[in-house]
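Undergrad: Please find the sequence and the predicted model below.
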Amino acid sequence: MHSGMTVDEIVEHPALHGHIRQQAQLLLQAYEGNPRLSSVFATQQRWLMGHIALALHFRAAAAGRSGDLTAARFFDAVAKHEVASRNTADAFIKEMLKYGYVQPVAGGTDKRVRPLEPTQPSIDAIHGWVVVHLATLDKLDGGGRVGTYLGTPDAVADLQPLIADGLLCSRRIREPERAFSLFTWLDNGGVVMEWLISGIDERDAGAARVPTGVVSTTALADWLNLSRTHLARKLREAEEMGSIGWLGKRGHSVMWVSDSFRREYARAQAVKLAIIDDAFNARFRRNAERVATAAAENSPRNSQLSGGPAN
């Protein structure tokens with residue numbers, strides 16, 4: 001079992017940008033499959049709150065407890081990690097209830113506490129998100145993480161809390177670089193960046209200004225159900241930083257992203273991927289080592305050396 005890829009190893013991988021582009025395309029497909037649910041993870045703040053809620057649930061379930069995901073515990077965890085205000089956390093929980101992404105635990109008797117649990121669509125969404133990122137890691141080093149993960153019952157329940165810990169404790173996740181941070185606070189900002197990156201033609205990937213597949217910002221705003229004014233303002237800020245621009249008329253021609261922005265996006269993905277890989281190894285290395293040890297002990301050579309019967 002490998003020890004996990006470091007951020008530097010991922011960033012320096014010669015095929016990283018192509019794999020990151022494929023990852024962005026897969027995440028966009030997930031968004032298109034369920035835009036409302038995907039929007040839970042489409043801003044930095046909501047993404048982290050979603051991970052906090054899921055980790056509370058999975059850890060409680062693993063310990064044989066139901067009902068640990070309560071609004072009070074969620075608010076405490078959000079405050080502890082300084083992710084959002086109590087009012088923002090409260091609005092987030094109410095929205096999740098409204099759209100059926102969390103639900104009251106069946107059979108709860110104390111209405112004042114009102115324990116909650118994620119619904120199956122939410123668990124399916126985080127499962128898919130994990131698979132996409134493990135697949136990127138496998139492409140980078142030829143590993144078999146996806147097979148191990150899919151072959152382990154309820155692996156998401158063990159793995160997601162470890163990923164959440166890594167994300168919440170990472171300064172590089174919490175304080176991204178300037179151009180990247182412009183979009184992390186925009187509604188569906190993560191999807192905007194994935195759209196930009198996914199449209200890059202790899203033949204242009206080394207250029208100082210890399211053309212994307214975006215032609216109309218109005219169409220992009222409509223597709224994402226975003227305020228055109230708000231999106232335009234964010235894009236103008238990014239343009240002033242030199243991160244994006246247009247080959248012709250602003251907002252009505254092919255948009256380009258700077259090579260520095262593309263590298264900044266890749267570094268941010270590398271940080272996230274390294275955290276996911278660390279979590280994967282923390283969860284699965286022990287099992288793999290135990291299996292390897294058992295196999296060695298039962299090998300024909302070991303049997304002969306120990307005086308046991310040879311196969």
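TA: Thanks, I have the structure now.
Undergrad: give the contact list for residue 268.
TA: The contact partners of residue 268, by Cβ atoms under 8 Å, 6 or more residues apart in numbering, come to 172, 176-177, 180. Any C-beta I mention is one placed from the backbone N, CA and C, and that applies to glycine too.
Undergrad: now those in a markdown table, with pLDDT?
TA: Listed next are those as a markdown table, based on pLDDT from 0 to 100:
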| residue | pLDDT |
| --- | --- |
| 172 | 89 |
| 176 | 81 |
| 177 | 76 |
| 180 | 75 |
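Undergrad: hmm, which of those are the buried ones?
TA: Listed as buried from the contacts of residue 268 are 176, 180; burial here means 16 or more other Cβ atoms under 10 Å.
Undergrad: between the contacts of residue 268, which is nearest residue 95?
TA: Nearest to residue 95 out of these is residue 176 (Cβ to Cβ; 24.1 Å).
Undergrad: Could you double-check that that closest one sits in contact with residue 184?
TA: Yes - using Cβ atoms under 8 Å, residue 176 is in contact with residue 184, at 5.9 Å.
Undergrad: So residue 136 lies in a helix, does it not?
TA: Yes - according to DSSP: H, G, I helix; E, B strand; the rest coil, residue 136 belongs to a helix.
Undergrad: so what's it up against?
TA: 19-20, 22-23, 269, 273.
Undergrad: per-residue confidence for the residue lying closest to residue 23 once chain neighbours are set aside?
TA: For residue 23, ignoring the flanking residues on the chain, the nearest one in space by Cβ to Cβ, 6 or more residues apart in numbering is residue 136 at 4.7 Å. Looking at residue 136, its pLDDT is 98.
Undergrad: Check residue 262 too.
TA: At residue 262, the model reports a pLDDT of 90.
Undergrad: who are the neighbours in contact with the closest residue to it other than its chain neighbours?
TA: Of all residues not flanking residue 262 in the chain, residue 210 sits nearest, at 5.8 Å (Cβ to Cβ, 6+ apart). With contact taken as Cβ under 8 Å, 6+ apart, residue 210 is in contact with 200, 204, 256-259, 262.
Undergrad: Secondary structure, distance to residue 73 and neighbour count added to those, as JSON lines?
TA: Listed next are the contacts of residue 210 as JSON lines, based on DSSP: H, G, I helix; E, B strand; the rest coil; distance: Cβ to Cβ, whole Å; neighbours: other Cβ atoms under 10 Å:
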{"residue": "200", "secondary structure": "coil", "distance to residue 73": "42", "neighbour count": "22"}
{"residue": "204", "secondary structure": "helix", "distance to residue 73": "48", "neighbour count": "13"}
{"residue": "256", "secondary structure": "strand", "distance to residue 73": "46", "neighbour count": "23"}
{"residue": "257", "secondary structure": "strand", "distance to residue 73": "40", "neighbour count": "24"}
{"residue": "258", "secondary structure": "strand", "distance to residue 73": "43", "neighbour count": "19"}
{"residue": "259", "secondary structure": "helix", "distance to residue 73": "44", "neighbour count": "15"}
{"residue": "262", "secondary structure": "helix", "distance to residue 73": "40", "neighbour count": "24"}
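Undergrad: Would you mark the buried spots in stretch 263-275?
TA: For stretch 263-275, burial by neighbour count (16+ other Cβ under 10 Å) applies to 264-275.
Undergrad: How far does the strand or helix carrying residue 9 sit from its chain's centre?
TA: In the assignment (DSSP states H and E), residue 9 maps to helix 7-11. When distances are taken as Cα atoms, centre = their mean, to the nearest Å, helix 7-11 is centred 17 Å away from the chain's centroid.
Undergrad: And the helix or strand following that helix, what does it pack against?
TA: Next along the chain after helix 7-11, taking DSSP H and E as the criterion, comes helix 16-33. Using 3 or more Cβ pairs under 8 Å, 6 or more residues apart in numbering; DSSP states H and E, the elements in contact with helix 16-33 are helix 120-141, helix 189-198, helix 259-297.
Undergrad: tell me the mean pLDDT for helix 16-33?
TA: For helix 16-33, the mean pLDDT works out to 92.
Undergrad: now the angle from that helix to helix 120-141?
TA: 170 degrees (axes from the mean of the first three to the mean of the last three Cα atoms, to 10 degrees).
Undergrad: ok, back up a step: is it possible to export the helices and strands packed on helix 16-33 to JSON lines including distance to residue 224?
TA: Conversion of the helices and strands packed on helix 16-33 to JSON lines gives the following (distance: least, Cβ to Cβ, whole Å):
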{"stretch": "helix 120-141", "distance to residue 224": "18"}
{"stretch": "helix 189-198", "distance to residue 224": "6"}
{"stretch": "helix 259-297", "distance to residue 224": "18"}
